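**Student:** Any chance you could fold what I've pasted below:
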Amino acid sequence: MRLGGKVAFITGASRGIGRSIALEFARQGAAIAVGYAREAGKADEVVAEIAGQGGKAVAVASDVRDRAAIRRAFETAAAALGGIDILVNNAGINNRCTFQETTDEDWDRIMTVNLKGPFICSQEVFPHMIKRGGGRIINISSVAGQYHGPKTVHYAVSKAGLNSLTAVVARYGAEHNILVNAVAPGIMLTDQTADELAGPDGAKIVAMTLLKRAGHLSDVAATCVWLASDEQAYVTGQVISVAGGAVL
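**Tutor:** So this is what the prediction gives:
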């Protein structure tokens, strides 16, 4: 149990990468606060799946755009599970468009969720982690923020900003034993992307990786487990690319 005795709050954990991280953290012994913005039913399904594995979890409404809502969410999770040791800032949104197609509304919406959200969550979780003598914050970034994806302009900039936020918060967290890192996934094989990746355009994208294959959600979850565990206590302020060498 690499995370035994720890409590993790994961935003956007009702599906996708967040769900995968929640399930793996639970398998490794952590109690899980399954954060969600709208999909209460799916969050409850994740809680039920964790309970079925013999783990402990609660679903907590947590709109990352709303500071008051996040403050309440963290208080609820801490009361139900005994505190917060790990925060995974996973909630994020995207829509593909070129530079000229990007509207002010698109820009503001992406930046609010993808960058301001993790800023708010990191600020609000600090008091909880300080009470516990330290903690871990893991930001789910993207290789788009490293190669500056041309068809996801606002998304790429929001993730590049998240990488910078990771380093800044790591500076402030150090004195409290709060380690802060980012994980930047690349091309991931999921139920939603399988057909796209099997097509000609998908094949071209996969060919741009050094490993010539897509990754799996388990690759991201495993990296997050290591960062959250006591196996490492000297990595902070870093962006770890889980992308098969795509940035290269």
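
**Student:** Could you measure from Asn139 over to Ala184?
**Tutor:** Noted for Asn139: a distance of 9 Å to Ala184, by CB to CB, to the nearest Å. Just so you know, the C-beta spots here come from the backbone N, C-alpha and C atoms, and that holds for glycine as well.

**Student:** who touches both of these two?
**Tutor:** Asn163 (CB atoms under 8 Å, 6 or more residues apart in numbering).

**Student:** partners of the lengthiest strand in the chain in the sheet?
**Tutor:** Longest strand in the chain, counting residues (DSSP state E): strand 178-185. Each strand paired with strand 178-185, and its direction, by DSSP bridges: strand 135-140 (parallel), strand 239-242 (parallel).

**Student:** Nearest to Leu179, out of these?
**Tutor:** Proximity to Leu179 (CB to CB) singles out strand 135-140 among those, at 5.2 Å.

**Student:** distance between the ends of stretch 105-117?
**Tutor:** Terminal residues of stretch 105-117 are spaced 17 Å apart (CA to CA, to the nearest Å).

**Student:** what does that stretch rub up against?
**Tutor:** 11, 64-65, 89, 91-95, 97, 154-155, 157-159, 161-162, 165.

**Student:** Out of the residues you listed, list just those in strands.
**Tutor:** Asn89.

**Student:** who are the neighbours in contact with Gln146?
**Tutor:** Taking CB under 8 Å, 6+ apart as the test, what Gln146 contacts is 160, 163, 184, 239, 241, 247.

**Student:** same deal with Ser229?
**Tutor:** Taking CB under 8 Å, 6+ apart, one finds 2-3, 28 in contact with Ser229.

**Student:** Put together JSON lines for the strands paired with strand 178-185, with distance to Ile50, mean pLDDT and mean neighbour count on each row.
**Tutor:** Formatted as JSON lines, the strands paired with strand 178-185 follow (distance: least, CB to CB, whole Å; pLDDT from 0 to 100; neighbours: other CB atoms under 10 Å):
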{"stretch": "strand 135-140", "distance to Ile50": "18", "mean pLDDT": "98", "mean neighbour count": "26"}
{"stretch": "strand 239-242", "distance to Ile50": "23", "mean pLDDT": "98", "mean neighbour count": "20"}
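
**Student:** Need those in JSON lines (columns: distance to Thr193).
**Tutor:** Formatted as JSON lines, these follow (distance: least, CB to CB, whole Å):
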{"stretch": "strand 135-140", "distance to Thr193": "16"}
{"stretch": "strand 239-242", "distance to Thr193": "15"}
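
**Student:** how about those strands, which one is nearest Glu101?
**Tutor:** Among the strands paired with strand 178-185, if distance is taken as CB to CB, the winner is strand 135-140, at 25.1 Å.

**Student:** any idea how far Thr102 is from the residue nearest to Gly135 when sequence neighbours are not counted?
**Tutor:** Of all residues not flanking Gly135 in the chain, Met129 sits nearest, at 3.2 Å (CB to CB, 6 or more residues apart in numbering). Look at Met129 and Thr102: by CB to CB, they are 36 Å apart.

**Student:** Counting neighbours, go ahead and name the busier of these two.
**Tutor:** Met129 (23 against 17; other CB atoms under 10 Å).

**Student:** Contact partners for that one?
**Tutor:** 84-85, 87, 135, 176, 178.
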